[in-house]
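1. Sequence and computational prediction follow.
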Amino acid sequence: MMNYSSGPPTTPQNHPAAPAVHAAALTVVRGIRQVLRGLDFEVPRGQITGLLGPSGCGKSTLMRSIVGTQAKVTGTLDVLGLPAGHAALRSRIGYVTQAPSVYDDLTVRQNLDYFAAILDSGRAAAERRHENVTHAIADVDLTSHAEALAGNLSGGQRSRVSLAVALLGTPELLVLDEPTVGLDPVLRRDLWQLFHTIAADRGATLLVSSHVMDEAERCHRLLLMREGEILADDTPDALRNQTGADTVEAAFLHLVDEAIAAGNPSRKESVR
Ligand SMILES: Nc1ncnc2c1ncn2[C@@H]1O[C@H](COP(=O)(O)OP(=O)(O)OP(=O)(O)O)[C@@H](O)[C@H]1O
């Protein structure tokens, strides 16, 4: 069939409507172990996708692959239309690791000023940096603590400083590795509300990992992982309907049992 459209050819990857993440036959080896085993999935733009599964199933490894910090990645992994790890992606992705990466001897504002200066350097950008920092601090609801030393903050507040750093530069894709771990239920709820605001107001894509299954209910879509494989890739509603379960946790356990019956693996993980 002839194609009469003008302009440069668009591939599925560089088209603006391309998914935020596209993986095909994605495999990662760590040490002597194959930690990710031929994953095929897509993460749609503008939504919150939860990456859920038991401890050690490969969530952090997948996130590191997406942000381009993981070695020994093979297969296809495109992020925002470019190969994962491409230099042009650095300013387009915000990444928060499991351990909050903040300097205890700096205030909240000084922490953000430091990272803002790395992202957007030079005197000419000083005013823009100041605005971006003030905005990011407000986004995570820490304005009243802006001049407090990070070392004097609670665990939840420190997590929010890390998130504020990731929000600098208004990234299109936010990759958050277990951002609610160790937080009390109120802070967890507030943080999830913030994730939804970020997705709705900015059109940002969020990929959020957790091993707490009740957080799955708060996501638009879910990637359920187990032993380096994707067990399910769907909406929470679809997963519940498909398995006849009341909760995503029950749906996940149902799918694990099905996988065990089909493949008879040697052990069965617990889902916390
Ligand atoms: N440096 C390493 N060398 C070899 N294996 C590793 C290394 N780092 C991690 N692994 C293994 O890779 C697997 C996946 O680890 P990963 O940290 O991605 O899991 P996770 O799902 O994020 O776990 P958690 O929820 O506990 O953070 C684990 O079985 C782990 O033991």
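-> Good, I have the coordinates. Small disclaimer: the values here were computed from a predicted structure and weren't measured.

2. For Asp234, give me phi and psi.
-> The phi/psi pair for Asp234 (degrees, to the nearest 10) reads phi -170, psi -180.

3. for Val79, same thing?
-> Here is the backbone geometry of Val79 (degrees, to the nearest 10): phi -130, psi 120.

4. need the contact list for it.
-> Neighbouring residues of Val79 by Cβ atoms under 8 Å, 6 or more residues apart in numbering: Ala20, Val21, Ile66, Gly68, His86, Leu89, Ile93, Leu173. Where you see a C-beta, it was placed from the backbone N, CA and C, and this is true even at glycine.

5. now Asp139
-> Taking Cβ under 8 Å, 6+ apart, we find Asp139 in contact with Ala164, Leu167, Leu194, Ile198.

6. swap the cut-off to 10 Å and go again
-> Residues in contact with Asp139 (Cβ atoms under 10 Å, 6 or more residues apart in numbering) are Arg160, Leu163, Ala164, Leu167, Leu168, Thr170, Leu194, Thr197, Ile198, Asp201, Arg202.

7. just checking, which of those residues belong to helices?
-> Cross-referencing the contacts of Asp139 against helices under DSSP state H gives Arg160, Leu163, Ala164, Leu167, Leu194, Thr197, Ile198, Asp201, Arg202.

8. quick one: strands adjacent to the helix or strand hosting Thr74?
-> Secondary structure from DSSP states H and E places Thr74 in strand 73-79. If you go by DSSP bridges, strand 73-79 pairs up with strand 21-30 (antiparallel), strand 82-83 (antiparallel).

9. wait, does it make contact with the ligand?
-> No. Applying Cβ under 6 Å from any ligand atom, one finds that strand 73-79 is not in contact with the ligand, the shortest distance being 12.5 Å.

10. Looking at pLDDT only, which of the contacts of Asp139 scores worst?
-> Ranked by pLDDT, the contacts of Asp139 bottom out at Thr170, which scores 84.

11. can you pull the contacts of it?
-> When contacts are counted by Cβ under 10 Å, 6+ apart, Thr170 touches Ser91, Arg92, Gly94, Asn132, His135, Ala136, Asp139, Ile198, Arg202, Ala204.

12. Quick check: of those, which lies closest to Glu249?
-> Nearest to Glu249 among the contacts of Thr170 is Ile198, at 25.3 Å by Cβ to Cβ.

13. That closest one against Glu172, yeah?
-> No. The criterion here is Cβ atoms under 10 Å, and Ile198 misses it with Glu172 at 11.1 Å.

14. Neighbour count for these two, which is higher?
-> Between Ile198 and Glu172, counted using other Cβ atoms under 10 Å, Ile198 has the larger neighbour count: 22 against 19.

15. residues contacting that one?
-> Contacts of Ile198 (Cβ under 10 Å, 6+ apart): Ile48, Gly94, Asp139, Val140, Leu163, Leu167, Thr170, Pro171, Leu174, Ala204, Thr205, Leu206.

16. Now list the buried members of those.
-> Burial by neighbour count, 16 or more other Cβ atoms under 10 Å: within the contacts of Ile198 this picks out Ile48, Gly94, Asp139, Val140, Leu163, Leu167, Pro171, Leu174, Ala204, Thr205, Leu206.
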